[in-house]
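> A predicted structure for the sequence below; I have some questions about it.
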Amino acid sequence: MHKEELITLHQIMAEIKDFFERTEANASFSDYYNLKVEPTQIHKSKMEHKHAIFVLGKDIARGMNGVEYSATSRTAARMQELAEKTQKEIEYLH
């Protein structure tokens, strides 16, 4: 994916996050907020946006656990794996 496409995906996922924050009492996005990578921060690297997408995906999937979707726990676990992988890539590049 190109950086612009990742930023667009990041923005869409941030809107989903906003929805969950408004509607789900148990939604927690602390891991995502700790990254300090917002979709509007186009100066951040492609890898940082990719990592933020995986962390946000994990947090969204965990928030969906209470909504009774059967595969959400597996999705959260996979997003966590991908987030850890991209974090290592970011650290390697810096």
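Great, that's in hand. Computed from a predicted structure; not experimentally measured.
> work out the gap between the strand or helix carrying Tyr92 and the centre of the chain.
With elements delineated by DSSP states H and E, Tyr92 resides in helix 72-93, which encompasses its position. Taking the mean C-alpha point of helix 72-93 and that of its whole chain, the gap between them comes to 10 Å (C-alpha atoms, centre = their mean, to the nearest Å).
> pLDDT of it, averaged?
Averaged across helix 72-93, the pLDDT comes to 85.
> now Val27, what's its secondary structure?
If you look again at residue 27, you'll see it is Ala, not Val. Under DSSP: H, G, I helix; E, B strand; the rest coil, Ala27 falls in the coil class.
> quick revisit: list the buried residues for the helix holding Tyr92?
Thr72, Thr75, Ala76, Met79, Gln80, Leu82, Ala83, Thr86, Gln87 (16 or more other C-beta atoms under 10 Å). Backbone N, C-alpha and C define where each C-beta goes, glycine included.
> now render those residues as JSON lines, adding distance to Ser30.
As requested, the buried residues of helix 72-93 are exported to JSON lines (distance: C-beta to C-beta, whole Å):
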{"residue": "Thr72", "distance to Ser30": "18"}
{"residue": "Thr75", "distance to Ser30": "19"}
{"residue": "Ala76", "distance to Ser30": "14"}
{"residue": "Met79", "distance to Ser30": "15"}
{"residue": "Gln80", "distance to Ser30": "14"}
{"residue": "Leu82", "distance to Ser30": "18"}
{"residue": "Ala83", "distance to Ser30": "14"}
{"residue": "Thr86", "distance to Ser30": "18"}
{"residue": "Gln87", "distance to Ser30": "16"}
